[in-house]
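Student: what's the 3D shape of this:
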Amino acid sequence: MKSSDTASSMIEVDNLRKEYADGTVAVHDLSFEVGEGEIAVLVGPSGCGKTTTMRMINRLVEPSAGRILVNGKDISQIDPVQLRRGIGYVIQQVGLFPHQTVAANIKTVPQLLGWDRTKSNARVNELLELVGLNPATHAKRYPHELSGGQRQRVGVARALAADPPVLLMDEPFGAVDPVARDRLQVEFLRLQEQVRKTIVFVTHDVDEAIRLGDRIAVMRDGGYLEQYAEPATLLSEPSSPYVAEFVGAERTLRRLAVVDVAATGLVKWPVVAPTSRLADCAATMDSAEAAWAVVADDGKVSGWLARAAATGEGTASDRVEPAQSVEVGDSLESALATILAGNSPGAIVTSAGRYEGVLGGAEIVTMARSR
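Tutor: Sure, this is the predicted structure:
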């Protein structure tokens, strides 16, 4: 199943509020958007309204005020049963029917929609392969015969069975051990690359949010939204002391220490030779719409040159800024330390001493999340 073959929908949450009869406010005037094919992660302490917000998207909980639009349609105007059949839902406890086989669990919604047996069976096989389970081995098994991680994969497959444009995931990996959780996160990102669903994902784990989310909503008690931003922005520009404390710099740094620099996902600054005239260097950077260039001789890096410095007479070697490079295979922590220790806007990456590209702050976060 290729991404071009599936539908996705934008979600708009507009001044959403949930107040109970006793006056308790679970969600307080919440507004955010999830773009088509994006993963929005709701993160915050227990009781901050994350799950309530998610349950309002599929109308398991009705809001007191505000509205939710899916693909431009107000969901309050859609029959709840019809709405839920178009939204996949994955929860921490998985919720598989214990008396049904894996195949029967996955076929639940397609059968409700009236799919014939041939189409349903083909979909079961397709989805089991997609989530990394062998159909011949697993389709006829029962949930109690599976590991926790396998049951969670079947839960994801069931949520995707009718090809819904929207997927809601409430602490889906929280009940498995750390090793299985890491593998599930890797598989989830791989799966999302193929199906490109619009996903709202709830977790209390900041590391998981940073790894998986295209954008992250940090919530606090009372259902208030403190910040909604891309992971790189959240880490580098927390909007409040609460966000800064909740994210916790040391938690992110622990991940940077165990993830290696890869040769992919790098920014390609233009390359100029040390003997290049400054005017030629300026022209090279202007042509590439780049603010910096790497100064290298036959791939061997001597430093970097700012566009603002490429003026007047002389050559690149006259204005080059020395830079300490990092090698492919070094840790992302080393790359970040290189940036912070010097005056370069990025860490120059080499392989066997030859220029490969540049890692900036955003690329470091992306690389940390995707591996």
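Student: can you give me the helices in the stretch 1-150 of the chain?
Tutor: Assigned by DSSP state H, counting those that start in this stretch, the helices in the stretch 1-150 of the chain fall at 50-57, 80-85, 102-106, 108-112, 117-130, 135-138, 148-160.
Student: contacts for the second one, please.
Tutor: If I follow you right, that is helix 80-85. 58-60, 75, 109, 112-113, 162, 164 (C-beta atoms under 8 Å, 6 or more residues apart in numbering). Using the backbone N, CA and C atoms, a C-beta is placed for each residue, glycine as well.
Student: and that helix, what's buried?
Tutor: By neighbour count with 16 or more other C-beta atoms under 10 Å, helix 80-85 contains the buried residues 83-85.
Student: closest one to Pro238 out of the contacts of helix 80-85, please.
Tutor: Asn58 (30.6 Å; C-beta to C-beta).
Student: shouldn't the closest one be in contact with Tyr89?
Tutor: Yes: using C-beta atoms under 8 Å, Asn58 is in contact with Tyr89, at 6.4 Å.
Student: list the residues that contact both of those two?
Tutor: Common neighbours of Asn58 and Tyr89 (C-beta under 8 Å, 6+ apart) are Leu168.
Student: hmm, back to that, so which of the helices of the stretch 1-150 of the chain is nearest Ala273?
Tutor: Of all the helices of the stretch 1-150 of the chain, helix 117-130 comes closest under C-beta to C-beta, at 48.3 Å.
Student: mean confidence for that closest one?
Tutor: The average of the pLDDT scores along helix 117-130 is 89.
Student: list the residues that contact Ala40.
Tutor: With contact set as C-beta under 8 Å, 6+ apart, Ala40 has these partners: 11, 32, 34, 199-201, 213-217.
Student: brain fart, Gly88
Tutor: Counted by C-beta under 8 Å, 6+ apart, Gly88 has contacts 158-162, 164, 166-168, 197.
Student: all strands of the stretch 251-371 of the chain, in order?
Tutor: Assigned by DSSP state E, counting those that start in this stretch, the stretch 251-371 of the chain shows strands spanning 271-272, 292-297, 300-306, 326-327, 347-351, 354-359.
Student: for those strands, give me CSV that also has mean neighbour count and distance to Pro241.
Tutor: Below are the strands of the stretch 251-371 of the chain laid out as CSV (neighbours: other C-beta atoms under 10 Å; distance: least, C-beta to C-beta, whole Å):
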stretch, mean neighbour count, distance to Pro241
strand 271-272, 22, 43
strand 292-297, 22, 33
strand 300-306, 20, 34
strand 326-327, 18, 32
strand 347-351, 23, 29
strand 354-359, 21, 29
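Student: for the helices of the stretch 1-150 of the chain, give me JSON lines that also has distance to Ala293.
Tutor: Below are the helices of the stretch 1-150 of the chain laid out as JSON lines (distance: least, C-beta to C-beta, whole Å):
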{"stretch": "helix 50-57", "distance to Ala293": "45"}
{"stretch": "helix 80-85", "distance to Ala293": "53"}
{"stretch": "helix 102-106", "distance to Ala293": "53"}
{"stretch": "helix 108-112", "distance to Ala293": "54"}
{"stretch": "helix 117-130", "distance to Ala293": "43"}
{"stretch": "helix 135-138", "distance to Ala293": "52"}
{"stretch": "helix 148-160", "distance to Ala293": "45"}
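Student: what about these, which gets the closest to Arg277?
Tutor: Comparison of these against Arg277 by C-beta to C-beta identifies helix 117-130 as nearest, at 54.7 Å.
Student: elements contacting the closest one?
Tutor: When contacts are defined as 3 or more C-beta pairs under 8 Å, 6 or more residues apart in numbering; DSSP states H and E, helix 117-130 sits against helix 102-106, helix 108-112, helix 135-138, helix 148-160, helix 178-195.
Student: give the buried residues for it.
Tutor: For helix 117-130, burial by neighbour count (16+ other C-beta under 10 Å) applies to 120-121, 123-124, 127-128, 130.
Student: distance check, Val202 against Gly86.
Tutor: 19 Å (C-beta to C-beta, to the nearest Å).
Student: counting neighbours, go ahead and name the busier of those two.
Tutor: Ranked by neighbour count (other C-beta atoms under 10 Å), Val202 and Gly86 place Val202 first, with 26 against 20.
Student: neighbours around Arg307, how many?
Tutor: 17.
Student: I'd say it and Met285 touch.
Tutor: Yes: using C-beta under 8 Å, Arg307 is in contact with Met285, at 4.7 Å.
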